[in-house]
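A.B. asks: model this:
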Amino acid sequence: MAFQLAACAEMLWRDRPISWRASRLKDMGFGVGLWNWTDWDVTALERTGATFTIMNGYLKGRLTDKDGAAALLKSARETAIIGKRLGVQRLNLHGTGLGDLGLPIPHLASFAPGMEIRARDTLHRICDLAEELDVTFTLENLNLREHPGCPFNSTAAVLSLVSAVNRPRLRINLDLYHTQIGEGDVIRWAEACLPWIGEIQVADNPGRCEPGTGEMNWPSIARALDAMGYNGPVGMEAYAAKEPEAALEAFRAAFTV
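C.D. replies: Okay, here's the model as predicted:
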């Protein structure tokens, strides 16, 4: 198997305790992705012995202004310390904080000149923090349809920022579900992002369920990723159309090349 497979624990077995979900994923041979650590009993998660592949790397803050950057750096430090307890491999960022239904905080109707320069500066400071604490951050692409008003949420914008910063402690969390909605052409976007990818996340579209439930040809995408030399983590950030175990096996089958 070319890829390290993982799945977002919050989106599966939603009636079960989070530590049970992490243990079940471990038993099935998957890594575990998490969202905000403050929602869960970190000690119980530690005891599972699961491999935690990715977790939200901040609780609040944003890239593009002084106050937002200060809040982001403060919460990223706090989160990185928790992440180290769990052995989290990557700490994930967005252009700004996300609230209910994934809506950005704050919602930005337009983007002023200079915002990208300020965002680069903030990400350099994130990299300095990452070097100090020996952790790695990722910046995730989103899509404007589901996350309107979120700065730097497109695949193109994330690639522009991460490649401009170009430091090993900052990678791209390339979410192909969001790329499909926002831009399409997912294989060529993966090729463009390849030197900076830290993780690839997947869900089928429409519906945001496991591979095989929507329009995307996941076996073809998996073969293309393998052919271009990507052998890193692939995380299913998706709901189960029916049973979580069946969804995970469909995911495993799609990404076994």
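A.B. asks: which elements pack onto the helix or strand where Leu91 lies?
C.D. replies: Here Leu91, judged by DSSP states H and E, is contained in strand 90-93. Contact analysis of strand 90-93 by 3 or more Cβ pairs under 8 Å, 6 or more residues apart in numbering; DSSP states H and E lists strand 52-56, helix 66-86, strand 137-140, strand 170-175 as its packing neighbours. From N, CA and C alone the C-beta is placed, and that goes for glycine too.
A.B. asks: next, the angle from the first one to helix 66-86.
C.D. replies: Using axes from the mean of the first three to the mean of the last three Cα atoms, to 10 degrees, one finds that strand 52-56 and helix 66-86 are set 160 degrees apart in direction.
A.B. asks: show me what strand 52-56 is packed against.
C.D. replies: In terms of contacts (3+ Cβ pairs under 8 Å, 6+ apart), strand 52-56 is packed against strand 4-8, strand 31-33, helix 66-86, strand 90-93, strand 233-236.
A.B. asks: I'd like the helices and strands packed on strand 90-93 as CSV, with mean neighbour count and distance to Val257 appended.
C.D. replies: CSV is the format used below for these (neighbours: other Cβ atoms under 10 Å; distance: least, Cβ to Cβ, whole Å):
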stretch, mean neighbour count, distance to Val257
strand 52-56, 25, 19
helix 66-86, 17, 29
strand 137-140, 25, 23
strand 170-175, 25, 17
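A.B. asks: among the ones you listed, which is nearest Asn217?
C.D. replies: Among the helices and strands packed on strand 90-93, strand 170-175 comes nearest to Asn217, with 17.1 Å by Cβ to Cβ.
A.B. asks: on that earlier part again, make CSV out of the helices and strands packed on strand 52-56 and add distance to Ala164.
C.D. replies: Shown next, in CSV, are the helices and strands packed on strand 52-56 (distance: least, Cβ to Cβ, whole Å):
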stretch, distance to Ala164
strand 4-8, 27
strand 31-33, 27
helix 66-86, 16
strand 90-93, 15
strand 233-236, 24
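A.B. asks: and these as JSON lines, adding mean pLDDT?
C.D. replies: Listed next are these as JSON lines, based on pLDDT from 0 to 100:
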{"stretch": "strand 4-8", "mean pLDDT": "98"}
{"stretch": "strand 31-33", "mean pLDDT": "98"}
{"stretch": "helix 66-86", "mean pLDDT": "96"}
{"stretch": "strand 90-93", "mean pLDDT": "97"}
{"stretch": "strand 233-236", "mean pLDDT": "98"}
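A.B. asks: which among the ones you listed is found nearest to Leu248?
C.D. replies: strand 4-8 (6.1 Å).
A.B. asks: next up, the contacts around the most centrally placed residue in the chain.
C.D. replies: The centroid of the chain falls nearest to Asn173 when counting by Cα atoms, centre = their mean (4.8 Å). Listed by Cβ atoms under 8 Å, 6 or more residues apart in numbering, the contact partners of Asn173 are 54, 90, 92, 138-141, 198-201.
A.B. asks: what's the answer for Gly29, then?
C.D. replies: With Cβ under 8 Å, 6+ apart, Gly29 has these contacts: 5, 252.
A.B. asks: mind checking how far it is from Arg208?
C.D. replies: 23 Å (Cβ to Cβ, to the nearest Å).
A.B. asks: circling back: in the sheet, who's paired with the residue nearest to the centre of the chain?
C.D. replies: Beta-bridge partners recorded for Asn173 (DSSP bridges): Glu140, Glu199.
A.B. asks: what pLDDT does it get?
C.D. replies: If you check Asn173, the pLDDT there is 98.
A.B. asks: if I look at it, how far off is Ala50?
C.D. replies: When Asn173 is compared with Ala50 (using Cβ to Cβ), they lie 19 Å apart.
A.B. asks: and what of Asn36?
C.D. replies: Where Ala50 is concerned, Asn36 sits at a distance of 17 Å (Cβ to Cβ).
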